[in-house]
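S.K.: Quick check, what structure comes out for this input:
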Amino acid sequence: MKQLVGLYCDKLSKTNFSNNNDFRALLQSLYATFKEFKMHEQIENECIIGLLQQRSRTVYNVHSDNKLSEMLSLFEKGLKNVKNEYEQLNYAKQLKERLEAFTRDFLPHMKEEEEVFQPMLMEYFTYEELKDIKKKVIAQHCSQKEAAEFKGLSKWNQAEELQKVFKYSVDEKADQGEASNESHFQTAVFI
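M.R.: Numbers count the residues shown, from 1 in each chain. Next up is the predicted model:
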């Protein structure tokens, strides 16, 4: 997820907002990235947070107000309503401000997942249970990716996702080889 944040920040800084093709390419990329964030958080809620709530008997509203839907609406608005260079430049200012605000909130959210929820998972679940959870998360991502492909995801996003799946399958093999090293696994549960 941090890698995706880095990618969209980099693309934002390199986009020529006077160029309609650059502008539209950025918005389409942002839209796909934020759909990925939203799907990821839905999977986390279903596969991880729900189980953690059952085990710890505590309620967590980790993804209750994360602004992803608002950002997706902003990107849709830009793709549908911005028609000329003047509108693009005005929209670019709003887009940059909103993305910076989102990122300021989202990075601590990811850090919280790593620093708070990862240790809780280690506390409430065995290593084998964590491996099973990880497999379910990856399977959910793969099945939702396949469904999204039929809905027309760009080739660039498909390639990124295949790279992620490959990375996580390599991580899984490493986990099998290092079963006693639970801290290595810790960073892979929240993809």
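
S.K.: from what I can see Phe34 touches Ser73, true?
M.R.: No: contact criterion CB atoms under 8 Å: Phe34 and Ser73 do not qualify, at 10.0 Å. The way it works is simple: take the backbone N, C-alpha and C, and place the C-beta from them, glycine included.

S.K.: any idea which residue sits dead centre in this structure?
M.R.: Most central in the chain under CA atoms, centre = their mean is Phe37, positioned 3.0 Å from the mean C-alpha point.

S.K.: what packs against the helix or strand hosting Ile133?
M.R.: Using DSSP states H and E, Ile133 sits within helix 127-150. The contact analysis (3 or more CB pairs under 8 Å, 6 or more residues apart in numbering; DSSP states H and E) places helix 127-150 against helix 20-44, helix 118-124, helix 155-177, helix 182-186.

S.K.: how does it look with 10 Å?
M.R.: helix 20-44, helix 50-56, helix 118-124, helix 155-177, helix 182-186 (3 or more CB pairs under 10 Å, 6 or more residues apart in numbering; DSSP states H and E).

S.K.: which one of these has the lowest average pLDDT?
M.R.: Mean pLDDT across the helices and strands packed on helix 127-150 is lowest at helix 182-186; the value there is a mean of 41.

S.K.: Enumerate every residue touching the residue sitting furthest away from the middle of the chain.
M.R.: Residue farthest from the centre of the chain, counting by CA atoms, centre = their mean, is Tyr86 at 31.5 Å. Applying CB atoms under 10 Å, 6 or more residues apart in numbering, we find Tyr86 in contact with Ser18.

S.K.: That one and Leu4, how far apart?
M.R.: Plainly put, Tyr86 is 30 Å away from Leu4 if you go by CB to CB, to the nearest Å.

S.K.: ok, now Ala25?
M.R.: Where Leu4 is concerned, Ala25 sits at a distance of 16 Å (CB to CB).

S.K.: Over to Ser73?
M.R.: 19 Å.

S.K.: Looking at those two now, which is surrounded by more residues?
M.R.: Leu4 (16 against 10; other CB atoms under 10 Å).

S.K.: Measure how buried the closest residue to that one other than its chain neighbours is and give me the count.
M.R.: Leaving out its chain neighbours, the residue that sits closest to Leu4 by CB to CB, 6 or more residues apart in numbering is Thr33, at 5.3 Å. Neighbour count for Thr33, taken as other CB under 10 Å: 20.

S.K.: Roughly how far does Thr33 sit from Phe17?
M.R.: Distance of Thr33 to Phe17, given as CB to CB: 18 Å.

S.K.: buried sites along stretch 1-21?
M.R.: Using 16 or more other CB atoms under 10 Å as the test for burial, stretch 1-21 gives Met1, Leu4, Val5, Tyr8, Leu12, Thr15, Phe17.

S.K.: residues contacting Leu52?
M.R.: Counted by CB under 10 Å, 6+ apart, Leu52 has contacts Glu44, Thr58, Tyr60, Val62, Phe117, Met120, Leu121, Glu123, Tyr124, Phe125, Ile133.
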